[in-house]
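Colleague: sequence? don't have it. structure:
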């Protein structure tokens with residue numbers, strides 16, 4: 001069932017969202033050649049806990065990290081490791097959630113390590129733009145399919161693969177709530193959007209095929225053809241007008 005949030009609840013979600021967005025910025029500062037993904041994860045956890053919040057992902061379904069940190073052809077759900085070090089030219093996806101006051105925030109971004117290839121730069125830019133194409137459709141009266149259609153239409157027209165096996169989601173008291181928010185769909189179809197809904201829109205875009213597979217660790221999702229992948233996400237509050245990006249921090 002879709003949960004409609006009142007103004008007090010949205011204020012609490014804004015606080016969770018701010019901490020989440022700031023944790024992404026903390027991670028960005030640690031993304032350097034030779035740094036382990038575990039070091040980044042620790043910095044994220046320390047910041048979230050310093051703010052009086054809890055990492056939403058830590059222990060969620062048994063996940064061992066405070067953040068999902070995925071490199072190159074890893075799409076999502078990469079497990080932080082003290083033995084995995086960043087290298088020049090890598091692209092790193094940081095996915096973070098923070099829980100405080102009874103509500104969650106959820107956000108992700110993709111960063112380059114040092115100088116990255118033109119292919120990687122374009123993939124990151126297209127993924128980010130696909131999010132903003134989708135979020136323009138996230139207003140009261142529109143439908144879930146309007147968001148997915150905008151994301152998929154933009155990225156696929158440019159020759160990229162839009163992941164279908166994993167999707168965005170509602171968010172609030174639970175990290176994952178109704179409705180599902182696919183990054184593909186038909187305009188004018190799907191659940192209707194109402195003011196007070198809060199959703200996580202998160203395009204996962206591959207440089208090659210849209211197909212993915214899960215590694216033997218049970219978590220890490222990689223592209224089926226080994227191509228690069230990027231991820232961009234914000235927690236979004238639906239209004240009668242412009243949507244509010246609850247996790248956007250400059």
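Modeller: Everything's here; your move. Model, not experiment: these values are computed from the prediction.
Colleague: end-to-end on stretch 223-230?
Modeller: Stretch 223-230 has an end-to-end distance of 10 Å (C-alpha to C-alpha, to the nearest Å).
Colleague: whoops, I mixed them up, stretch 70-78
Modeller: Stretch 70-78 end-to-end distance (C-alpha to C-alpha) = 4 Å.
Colleague: what sits up against it?
Modeller: With contact meaning C-beta atoms under 8 Å, 6 or more residues apart in numbering, stretch 70-78 is reached by 37, 63, 68-69, 84, 86, 90-93, 95, 108, 163, 166, 204, 206, 212, 219-223, 226-229, 231. No exception for glycine: its C-beta is placed from N, CA and C like everyone else's.
Colleague: Of those residues, which belong to helices?
Modeller: residue 37 (DSSP state H).
Colleague: Report the buried members of the contacts of stretch 70-78.
Modeller: Those of the contacts of stretch 70-78 that meet the buried threshold are 37, 63, 68-69, 84, 86, 90-93, 95, 108, 163, 166, 204, 206, 212, 219-223, 227-229, 231, by 16 or more other C-beta atoms under 10 Å.
Colleague: and the longest helix along the chain, what other elements does it pack with?
Modeller: Determined from DSSP H, the single longest helix within the chain is helix 7-30. On a contact count with 3 or more C-beta pairs under 8 Å, 6 or more residues apart in numbering; DSSP states H and E, helix 7-30 meets helix 37-50, strand 91-100, strand 103-112, strand 234-237.
Colleague: So in that sheet, which strands flank the last one, and in what orientation?
Modeller: For strand 234-237, sheet partners with direction are given as strand 198-201 (antiparallel), strand 244-245 (antiparallel), following DSSP bridges.
Colleague: Highest mean neighbour count out of those strands?
Modeller: Of all the strands paired with strand 234-237, strand 198-201 carries the top mean neighbour count, a mean of 27, counting by mean count of other C-beta atoms under 10 Å.
Colleague: State the mean pLDDT of it.
Modeller: Averaging pLDDT along strand 198-201 gives 98.
Colleague: Could I get the phi/psi values of residue 197?
Modeller: For residue 197, the backbone dihedrals (degrees, to the nearest 10) come out as phi -70, psi 150.
Colleague: Hmm, residue 2 and it touching each other?
Modeller: Yes: the pair residue 197 / residue 2 is scored as a contact, 6.2 Å apart, by C-beta atoms under 8 Å.
Colleague: Looking at the two, which one has more neighbours?
Modeller: Looking at residue 197 and residue 2 with other C-beta atoms under 10 Å, you find the greater number of neighbours at residue 197, namely 25 against 16.
Colleague: how about the closest residue to residue 168 other than its chain neighbours, phi and psi?
Modeller: In space, and not counting its chain neighbours, residue 168 is closest to residue 181: 3.3 Å by C-beta to C-beta, 6 or more residues apart in numbering. Backbone geometry at residue 181, expressed as degrees, to the nearest 10, gives phi -130, psi 80.
Colleague: can you pull the contacts of residue 181?
Modeller: Contact analysis of residue 181 by C-beta under 8 Å, 6+ apart lists 144, 147, 148, 167, 168, 169, 170, 199, 200, 201, 202.
Colleague: pLDDT score for it?
Modeller: pLDDT at residue 181 comes out at 98.
Colleague: residue contacts, the nearest residue to residue 136 once chain neighbours are set aside?
Modeller: Closest residue to residue 136 apart from its sequence neighbours, by C-beta to C-beta, 6+ apart: residue 150 at 6.7 Å. Contact analysis of residue 150 by C-beta under 8 Å, 6+ apart lists 130, 133, 134, 136, 137, 187.
Colleague: Confirm residue 150 sits in a strand?
Modeller: No: assigned with DSSP: H, G, I helix; E, B strand; the rest coil, residue 150 falls outside any strand and is helix.
Colleague: and residue 109, bridged to which residues?
Modeller: residue 94.
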